[in-house]
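Got a predicted model here, sequence first, then my questions.
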Amino acid sequence: VLGGSASAEEKAVGGRELTAEDVKYSFERQMNEESPRWPLYRRAHQYQSIDSIEVVDSHTLRIRTKRPTAPFMHFLADSNAFIVAKELVDDSDEMNRQAAMLGTGPFMWDKLKPLRESAFVRNPDWFGWGEPELGRPHIDGYKSFFLFDDASVEAAFRTKKLDVAFQVNNPEWVIKLREDEPDLISVDKGFAAWVKVTLSANQPPYNDIRLRRAIHLASDRQQMLQAFWQGYGKMQGPVGWVLTQWALPQEELLRKPGYRLSKEERRQDEQEARRLYEAAGSPDLKVIFADQPAYIQQFAPQYKRQLEKVLGGKVDYDVWTYPQISAGGARGEVPFAFAYDNGWIDLDDWLYPYFHTDGPKNESGLSDATLDRMLEAQREEFDPAERQRLGYEIQHYVLDNVLTRLDFVAATWLWVAWPYY
């Protein structure tokens, strides 16, 4: 049961009180597979665990799940779990207009220039402004700018058109700036987004685990770190390395074939990759690279050379947009895709959607009954230590027996802020 008396934060949505009916409507909206916007609810699968939602009173909601679901509170607090007012949604389930952007937070939407700039201003009715002990922000608003190259970001930051910035691709300018301006506030942060390959489990020749393992072993992750971010990042396992509670410890991951760092171990991995590739029939390969970020498609020629050198076969490639990859994947036309993806904050986010037979992001057609049982077990385990153990077990299983998603590398972002920030 979620509820109790309404707090100040829960009141005054668009001039009226936020109620349990709003919450019920918002979750059921994302559960509605008949909605024309259903394909855009990227985390709607989280609500498939719900059996029923009951409004007890205006401030109390009772939700029953179909099965015990350890990450369920995370599902409810996810940033995609928006609570919206029903009267602001039109007949086509659309609310893409500024007048409908209502909520109970400290800032209100001021303006949006798509892929250029977004601006937010102070919400004068927010409950937290009069309570400084809460450590709330004390600013009148903020702007976010969409800048797509390091030169533009650096120029804007050096001239103080930006108060806070980080690198787009190359962190060298941030390092130099920190030397030039030693009083800057500097923070290095890992990022949940990562670079990966998706391979088909039900389409020849990639349905052969020997070929998938050969590609896994032939892919030089250390080379990718240097090519993408000049080494500022880490190798990535099935769960993002920034999630220290759930990811395989880095020292454990670096003992796995495909991740090992020494020259001799790398040589062994390459030899095994060639052996497996030849055992799988030495098929020609074609890789579809995503067009964004730019370093993905820029890496395509280098990756082609890398695979051809290690495997001794023919590799071709093409560059597609993400909508093209998505549509082509649905038609079975993209059995080997090299792309960028966004991770999230719970163990389940990284594993269940991608590797469960019924997972919404299972683009490879994988169906593994043993893995399904393991994924369902971690969802039902409420003890954090045991759930962590199950998570490690799943990650080892994926790396040893599945390899439909080859996880490569994730960046470390170097942030800087002027000291007045």
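On my side now, so go ahead. A quick note: this is a predicted structure, and the numbers were derived from the prediction, not measured.

Tell me how many other residues surround Glu28.
12 (other C-beta atoms under 10 Å). Yep, even glycine has a C-beta here, placed from its N, CA and C like the rest.

Which element, helix or strand, includes it?
Following DSSP states H and E, one finds Glu28 within helix 20-31.

How about Gln226?
Under DSSP H and E, the secondary-structure element containing Gln226 is helix 221-229.

and whatever helix or strand comes next after that helix, average pLDDT?
Later in the chain than helix 221-229, the nearest helix or strand by DSSP H and E is strand 233-235. Mean pLDDT, strand 233-235: 96.

partners of strand 233-235, with directions?
Partners of strand 233-235 in the sheet, by DSSP bridges, are strand 405-417 (antiparallel).

For burial, what's the neighbour tally of Asn401?
For Asn401, using other C-beta under 10 Å, the count is 12.

The helix holding Glu28: which residues count as buried?
20, 22-27, 29-31 (16 or more other C-beta atoms under 10 Å).

Looking at these, spot the one nearest Glu154.
Nearest to Glu154 among the buried residues of helix 20-31 is Gln30, at 39.9 Å by C-beta to C-beta.

doesn't Pro39 make contact with that closest one?
No: under the criterion of C-beta atoms under 8 Å, Gln30 is not in contact with Pro39, lying 11.7 Å apart.

can you list the residues that contact stretch 290-308?
Contact with stretch 290-308 is made by 168-169, 195, 215, 218-220, 223-224, 227-228, 285, 287, 289, 313-317, 319-322, 325, 337-340, as judged by C-beta atoms under 8 Å, 6 or more residues apart in numbering.

So which of the residues you listed are in helices?
Applying DSSP state H to the contacts of stretch 290-308, the entries found in helices are 215, 218, 223-224, 227-228, 322, 325.

in the residues you listed, which two residues are the furthest apart from each other?
Ala218 and Tyr322 (25.1 Å).

the more surrounded of the two?
Counted by other C-beta under 10 Å, Ala218 and Tyr322 do not tie: Ala218 has more neighbours, with 23 against 13.

Spit out the contact partners of the more buried one.
Residues near Ala218 by C-beta under 8 Å, 6+ apart: 269-270, 273, 277, 306-307, 310-311.

switch the cut-off to 7 Å
Counting by C-beta atoms under 7 Å, 6 or more residues apart in numbering, Ala218 touches 270, 273, 306-307, 310-311.

Check Lys86 too.
By C-beta under 7 Å, 6+ apart, the contact list for Lys86 reads Tyr25.

pLDDT at it, what is it?
87.

One more: Val409?
On pLDDT, Val409 comes in at 98.

Over to Lys11?
pLDDT for Lys11: 47.

can you tell me the helix or strand for Lys111?
Element membership of Lys111 [criterion: DSSP H and E] is strand 107-113.

what sits up against that strand?
98, 101, 118-123, 141.

Go through it and flag the buried ones.
Judged by neighbour count (16+ other C-beta under 10 Å), strand 107-113 contains these buried residues: 107-108.

Quick check: Pro106 vs Ile63, distance?
Per C-beta to C-beta, to the nearest Å, Pro106 is found 27 Å from Ile63.

List the contacts of the closest residue to Trp320 other than its chain neighbours.
Nearest residue to Trp320 in three dimensions, chain neighbours excluded: Ile288, at 5.3 Å (C-beta to C-beta, 6 or more residues apart in numbering). By C-beta under 7 Å, 6+ apart, the contact list for Ile288 reads 318, 320, 325, 334, 336-337.

For Ile288, give the beta-bridge partners.
Asp318, Ala337.

For it, report the pLDDT, please.
98.

Now the terminal residues of stretch 119-127, how far apart.
Length of stretch 119-127, first residue to last, C-alpha to C-alpha, to the nearest Å: 21 Å.

pLDDT on it, on average?
Mean pLDDT, computed over stretch 119-127, is 83.

distance between that stretch and the chain's centre?
From the chain centre to the centre of stretch 119-127 is a distance of 29 Å (C-alpha atoms, centre = their mean, to the nearest Å).

List the buried residues for that stretch?
Buried, per 16+ other C-beta under 10 Å, within stretch 119-127: 120, 122-123, 126-127.

Which of the residues you listed fall within strands?
120, 122 (DSSP state E).

Name the nearest of the buried residues of stretch 119-127 relative to Ile53.
Lowest distance from Ile53 to the buried residues of stretch 119-127 (C-beta to C-beta) belongs to Phe127, with 26.4 Å.

how close does that closest one get to Arg373?
Going from Phe127 to Arg373 by C-beta to C-beta gives 46 Å.
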